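In: Got a sequence here, can you build the structure:
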Amino acid sequence: MAFGKNATRVLLVLMVMCARSTAKRPAAKEGAAPAPAPEAGASEASGARGIFDITNVGATSDGKTDCSKELQEAWKSACGAAGQATVLIPKGEFLAGPLNFSGPCKGDVTIHIDGTLLGTNDLPKYNGGSWINILKVNNLVITGSGTIDGQGANVYTKDPAEAKAFPNSLVLDFVKNGTVSGITLLNSKFFHINIYMSDDVKIENLTITAPGDSPNTDGIHIGDSTNINVTDTTIGTGDDCISIGGGSSHIIVTGVTCGPGQGISVGCLGRYKDEKDVSDVTVKDCVLRSSTNGVRVKTYENAVKSITASKLTFENIKMEDVANPIIIDQNYCPEKVCTAKSKSAVTVKDVIFRNITGTSSTPAAVSLLCSDKQPCSGVELIDVNVEYSGENNKTIGVCNNAKGTAKDTLQALACLA
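Out: Numbering: from 1, shown residues only. Next up is the predicted model:
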């Protein structure tokens, strides 16, 4: 019996080592020292072969026992190891409160998730912060076949005024050269992934899921970051599938399936005084299904900062019964407390909508609602053919203060001045 258990453990280690070799490891900095060979006879609990299994330091996979201490211990050991190291979360359910995985690390770290991490519902433990916080880590990989489950159903029915105190599930702050791939994120209490002040991060092959009526459960939010690529990911939540905030540039979103949710959005912009411009955003080869918006640019009606959103391209998008498939909204004010109607100080220019097809659940398949103070300019509608799928009405385009050109576009949608 003991021999069987040891054989199983050896097999698990070999499987993880194979996964590490095939996962997309970001290129390490030039001159990084190679990982030292493990000492003969070194125990697996001490990180033999660079693997730090949380069960070897006492984590219990019953889904009820708090494993925060063991997860922090495994991170500390892996982050302090030279070369490549892995924090292994094996199959099973592991409950955890707030986790702070901080760098800089001595080598390159992989967090390999094959089990399920469960976010505690003891809300005071988060103290207004997030759940899994990764800070100042370079050359990071998060991968595996497991799940990060925020257990958000416990908070979805609470007073919306409390929502800002709920934790994001996974936060990447000041991360450079990272990859998140393969895992599932489920039922976050707030945003599922929040990327801030990061550079060269790849998000790929994820599944992100929450109920369509769950508030503030954005799939991926990107802010003040550059060179972020989101590819081949399926997102269905109660808020934006992807939202791109101020200070972001060179963002590429490809192969994303979105729905339910509020679409793929640039913004909301101009709401905070420290916001910066957004530029060079490309969203292409995506499918949106039954979402409440399609591709959207939204700026705050009472903008407190004059910033610019430019060089935005949305192309090769398939809409399937989507409300508001193409929308620029410079009168965005979700709390309905704005006073400066149509006075947005945010400039929106050089926006291309190309090869967008499919069906709209609302008659207005195109809504370009720009500010009279700062009209949109350089907008292009090229090969846009989205038609209203309902009856007793017709497909229309609505353009207010929007300047640009239309080419090979359904005549009813070619409303640009």
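In: Spatially central residue for this protein, please.
Out: Centroid-nearest residue in the chain: residue 220, 1.7 Å away (criterion: C-alpha atoms, centre = their mean).
In: Was I right to think that one contacts residue 234?
Out: No: contact between residue 220 and residue 234 fails when scored by C-beta atoms under 8 Å: they sit 11.8 Å apart. Yep, even glycine has a C-beta here, placed from its N, CA and C like the rest.
In: joint contacts of the two?
Out: By C-beta atoms under 8 Å, 6 or more residues apart in numbering, residue 220 and residue 234 have these common neighbours: residue 208.
In: Mind jotting down where the helices sit in the protein?
Out: Secondary structure of the chain (DSSP state H): helices at 2-22, 68-79.
In: which of those has the lowest average pLDDT?
Out: Mean pLDDT values for the helices of the chain show the minimum at helix 2-22, a mean of 41.
In: if we can go back for a sec, what residues does the residue nearest to the centre of the chain make contact with?
Out: Neighbouring residues of residue 220 by C-beta under 8 Å, 6+ apart: 191, 192, 193, 195, 203, 208, 230, 233, 235, 241, 242, 243.
In: run the last query once more with 10 Å
Out: Taking C-beta atoms under 10 Å, 6 or more residues apart in numbering, we find residue 220 in contact with 170, 180, 185, 191-195, 203, 206, 208, 228, 230, 233, 235, 237, 240-244, 253, 256, 264.
In: Mark which of those are buried, thanks.
Out: Among these, those classed as buried by 16 or more other C-beta atoms under 10 Å are 170, 180, 185, 191-195, 203, 206, 208, 228, 230, 233, 235, 237, 240-244, 253, 256, 264.
In: if I look at residue 162, how far off is residue 388?
Out: 38 Å (C-beta to C-beta, to the nearest Å).
In: and residue 404, what are its bridge partners?
Out: Beta bridges link residue 404 to residue 379 when assigned by DSSP bridges.
In: Burial check on it, number of neighbours?
Out: Neighbours of residue 404 under the rule other C-beta atoms under 10 Å: 19.
In: returning to what we had before: same drill for residue 162 and residue 388, tell me which one is more crowded.
Out: Set side by side, residue 162 and residue 388 show more neighbours around residue 388, with 18 against 10, by other C-beta under 10 Å.
In: isn't the more buried one right up against residue 359?
Out: Yes: counting by C-beta atoms under 10 Å, residue 359 is a contact partner of residue 388 at 7.4 Å.
In: Starting from residue 384, give me the distance back to the closest residue to residue 348 other than its chain neighbours.
Out: Leaving aside its sequence neighbours, residue 348 sits nearest to residue 376 (C-beta to C-beta, 6 or more residues apart in numbering; 4.5 Å). As judged by C-beta to C-beta, residue 376 and residue 384 stand 16 Å apart.
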